[in-house]
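# please work out how this folds:
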Amino acid sequence: MKRAAVSLVVVLTLVFAVPGGWPVSFARAQGVAPWTVAYYNSINLSGPIAYTTTVNAVGIPWTAQAPVPNVGPDFFSARWTSVQPLEAGTYRISTRADDGVRVYVNNQLLINEFHVSSGLTYSADFTVPAGQHTIVVEYYEGDGLAFLSFDLTRIGAEPPPTTGPTATVLAPRLNVRSAPRVVAGNVLTIVTQGQTYPIIGRNADSSWWQINANGVIGWVSGGWIQAQNAANVPITDGGTTPPGPGQFLVTARVNLNIRSGPSTAFPVVGWLPIGRSAQVFGRNANTTWWQVRYGNATGWVSARFAGLQAGVDPGQIPVTDGGAPGPGQPTQFNLVARLNLNIRSGPGVVYPVAGWLPIGGTAQIVGRSPSTGWWQIRYNNVTGWVSGTYTTLQPGTDINQIPITG
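Numbering: from 1, shown residues only. The predicted model follows:
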């Protein structure tokens with residue numbers, strides 16, 4: 001059979017954030033056809049398939065837990081395959097991975113980055129005639145956090161209208177920093193030549209501009225960008241008027257847990273990836289934790305690892321922490337699995353398996369055995385028992401407040 005032609009148009013681009021690039025029209029985020037995905041308990045797509053299913057999108061959210069049943073949280077690989085109906089034209093593939101990723105279109109390798117990585121983004125453009133086209137995405141996870149994003153977009157001919165101030169990158173590669181200084185500002189991400197981003201602020205002499213690079217709020221040198229419609233951009237660096245209520249932002253310096261309360265004793269409700277910014281609308285009394293909103297998650301992140309944007313007085317952010325539960329108050333206790341654990345129907349290995357708790361997974365404790373050798377837990381829709389030997393209780397847990405239920 002004659003294979004559909006694919007012409008590779010643009011070189012791969014390595015950046016630390018999803019590239020904005022010159023304008024694209026998001027006709028299809030990942031194509032309209034479903035994807036078949038197969039997972040393997042190896043890093044090279046070898047051995048028996050551990051889990052397979054059909055999905056509507058390619059990707060794995062930031063997580064330290066197993067992505068699917070029967071697969072460990074580390075040292076696994078996966079392959080997504082789909083036949084997509086595409087119109088004639090040029091398309092852009094953009095993928096971000098921790099760790100490795102490969103992408104094929106009609107059996108031609110367009111992205112080949114199968115190596116250890118901490119969330120780099122890779123992109124490639126290709127041109128195809130109208131018809132059915134096979135796309136394969138291969139991924140592997142070493143250890144630590146796992147993450148994969150994938151976008152397939154058709155490149156449009158006309159740029160969208162721009163009404164606000166923008167910065168267009170003139171340098172081949174330009175660092176986006178956490179502060180408007182080369183020495184003091186840590187690199188948050190990298191943008192590339194021709195990309196255009198919204199401007200949200202500047203320093204007093206307009207030698208640095210604060211931009212929003214796909215959710216990463218940071219500073220770029222004015223000598224390497226072309227600013228447009230920037231006459232009324234506010235000064236946001238040092239001793240100036242801060243943003244109004246509800247407009248404060250914090251940026252993660254590391255991959256951060258979002259917790260349900262201002263302490264590591266509270267369960268994890270989401271993730272704030274390194275370099276990403278979240279809206280902050282509250283704090284605790286001593287400003288060691290920020291209450292944030294990121295995506296669909298609302299919770300708390302440690303201020304030690306999340307920097308408040310320049311020019312903001314923390315005192316303007318309201319204290320929203322009512323305090324952790326005190327002695328004698330009702331509370332919820334949780335545990336974290338140190339291994340992939342079977343959840344059993346009773347407190348012993350003789351009882352049948354009712355579910356599983358992946359390594360790093362957090363579950364609510366609802367009871368215990370008299371010797372505390374087994375904990376009765378609730379995880380997702382499963383209630384059962386796990387061995388206490390392979391779990392860690394949240395700090396401050398008083399086992400005397402946990403009822404004996406088995």
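
# moving C-terminal of the host helix or strand of residue 383, what's the next helix or strand?
Using DSSP states H and E, the secondary-structure element containing residue 383 is strand 382-387. Beyond strand 382-387 in the direction of the C-terminus, DSSP H and E gives the next helix or strand as strand 391-393.

# neighbouring strands - and their directions - for that next one?
For strand 391-393, the paired strands and their directions (DSSP bridges) are strand 334-337 (antiparallel).

# residue contacts, the closest residue in space to residue 268 that isn't next to it in sequence?
Nearest non-adjacent residue to residue 268, counting by CB to CB, 6 or more residues apart in numbering: residue 257, 4.7 Å away. All C-beta atoms are positioned from the backbone trio N, CA, C, and that covers glycine. The neighbourhood of residue 257, defined by CB atoms under 8 Å, 6 or more residues apart in numbering, consists of 268, 270-272, 301.

# now render the residues you listed as a markdown table, adding pLDDT, neighbour count and secondary structure.
Below are the contacts of residue 257 laid out as a markdown table (pLDDT from 0 to 100; neighbours: other CB atoms under 10 Å; DSSP: H, G, I helix; E, B strand; the rest coil):
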| residue | pLDDT | neighbour count | secondary structure |
| --- | --- | --- | --- |
| 268 | 79 | 21 | strand |
| 270 | 77 | 21 | strand |
| 271 | 77 | 22 | strand |
| 272 | 80 | 26 | strand |
| 301 | 89 | 24 | strand |
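
# returning to that earlier point: next, the residue nearest to residue 268: phi, psi?
With angles defined as degrees, to the nearest 10, residue 257 sits at phi -70, psi 140.

# try the one 10 residues further on
With angles defined as degrees, to the nearest 10, residue 267 shows backbone torsions of phi -70, psi 160.

# which pLDDT value goes with it?
Here, the pLDDT recorded for residue 267 equals 79.

# which residues does it contact?
Taking CB under 8 Å, 6+ apart as the definition, contacts of residue 267 comprise 259-260, 334, 362, 364, 394.

# re earlier: which parts of the strand holding residue 383 are buried?
Judged by neighbour count (16 or more other CB atoms under 10 Å), strand 382-387 contains these buried residues: 383-387.

# tell me where the stretch 101-250 of the chain has strands.
Chain-ordered strands for the stretch 101-250 of the chain, with DSSP state E, counting those that start in this stretch as the definition, fall at 108-113, 120-128, 131-141, 146-154, 166-169, 173-177, 187-192, 196-202, 208-213, 216-221, 225-228, 249-252.

# mind listing what's buried along the longest one?
To tie it back to what came earlier, the one meant is strand 131-141. Neighbour-count burial for strand 131-141, counted by 16+ other CB under 10 Å, picks out 133, 135-141.

# can you check stretch 385-397 too?
385-388, 391, 393-394, 397.

# nearest to residue 209, of those?
The shortest approach to residue 209 among the buried residues of stretch 385-397 belongs to residue 394, at 43.4 Å (CB to CB).

# the closest one: what's it in contact with?
With CB under 8 Å, 6+ apart as the criterion, the residues that contact residue 394 are 264-267, 333-336.

# equivalent analysis for residue 68, please.
Contact analysis of residue 68 by CB under 8 Å, 6+ apart lists 39, 51, 53.

# circling back: show me which of the contacts of residue 394 are buried.
Burial by neighbour count, 16+ other CB under 10 Å: within the contacts of residue 394 this picks out 265-267, 333-336.

# tell me the contacts of residue 98?
Applying CB under 8 Å, 6+ apart, the residues near residue 98 are 62, 117-119, 141, 144-148.
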